[in-house]
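Asker: got a predicted structure here, sequence first:
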Amino acid sequence: QQKVQQSPESLIVPEGAMTSLNCTFSDSASQYFAWYRQHSGKAPKALMSIFSNGEKEEGRFTIHLNKASLHFSLHIRDSQPSDSALYLCAVRSSGSWQLIFGSGTQLTVMP
Amino acid sequence: EAAVTQSPRSKVAVTGGKVTLSCHQTNNHDYMYWYRQDTGHGLRLIHYSYVADSTEKGDIPDGYKASRPSQENFSLILELASLSQTAVYFCASMAGGYEQYFGPGTRLTVL
């Protein structure tokens, strides 16, 4: 069964810093890779997703996928206090309609 | 934007009592999911459904039942609530196999 792990568990960065969040997965046939963001007391909401190896940039956020190393990451440029949230990575295996979520990285951006 | 609503938003139940959590979506999505989230942690799949009148077990189905009477509605039933089922429960819907849209969550406390 698919295993999804995130690191680090928590992260505190100063405003304006570059933040990097990591996610590893176990099924090399996985097809869909996503990051969800959950502000305190709110519902998770999809942030970005990627399907094939490489990078995808949307504003201050970049997602990078390397299927061979079973790893994908989220990079936040010029981190803002409003970026403080729980970040969840999620992976969908081939032939499955389930998303497997990691346990999350709690990000705090200090003003 | 996709709309998923949940009721109640919070619930206090007694050990051994029956609890029903309801979810309603207005997006015509085929797939619906129930997750639980324990404080500061990721999402674990309890049950899901891809068509009305049919449900599937997720990763942690023990102690939970699910019901999908229509495409729009998906319920989670705890027949005999236990202390260990205290958590926040999220419902989600999905259309084409990728992005999931989450409801606001139900905070369940079992005493």
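Answerer: Alright, I've got the coordinates.

Asker: residue ranges with poor pLDDT in chain B?
Answerer: B:1-2, B:40, B:97 (pLDDT under 70).

Asker: hey, where'd the strands end up in it?
Answerer: B:4-7, B:10-13, B:19-25, B:31-37, B:43-51, B:54-57, B:65-67, B:73-78, B:87-94, B:100-102, B:106-110 (DSSP state E).

Asker: can you pull out the strands in chain A?
Answerer: So, for chain A - with DSSP E - the strands run A:4-7, A:10-14, A:19-25, A:32-38, A:45-50, A:54-58, A:61-66, A:71-76, A:85-92, A:100-101, A:105-110.

Asker: right, and the strands of chain B - which one's nearest A:Ile63?
Answerer: strand B:100-102 (16.8 Å; CB to CB). C-betas here are computed from N, CA, C, even on glycine.

Asker: relative to chain A, how far out is the residue nearest in space to the middle of chain B?
Answerer: With distances taken as CA atoms, centre = their mean, B:Trp34 lies nearest the centre of chain B, 3.1 Å away. Per CB to the nearest CB, to the nearest Å, B:Trp34 is found 12 Å from chain A.

Asker: let me have the strands of chain B in TSV, extended by distance to A:Leu88.
Answerer: Below are the strands of chain B laid out as TSV (distance: least, CB to CB, whole Å):
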stretch	distance to A:Leu88
strand B:4-7	17
strand B:10-13	22
strand B:19-25	19
strand B:31-37	9
strand B:43-51	7
strand B:54-57	22
strand B:65-67	22
strand B:73-78	20
strand B:87-94	11
strand B:100-102	11
strand B:106-110	18
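
Asker: wait, which of the ones you listed is closest to A:Arg60?
Answerer: Nearest of the strands of chain B (CB to CB): strand B:100-102, 22.9 Å.

Asker: list the helices and strands the closest one packs on?
Answerer: Contacts defined by 3 or more CB pairs under 8 Å, 6 or more residues apart in numbering or on different chains; DSSP states H and E place strand B:100-102 against strand A:45-50, strand B:87-94.

Asker: most tightly surrounded among these?
Answerer: Mean neighbour count, computed with mean count of other CB atoms under 10 Å in any protein chain shown, is highest for strand B:87-94 among these, reaching a mean of 24.
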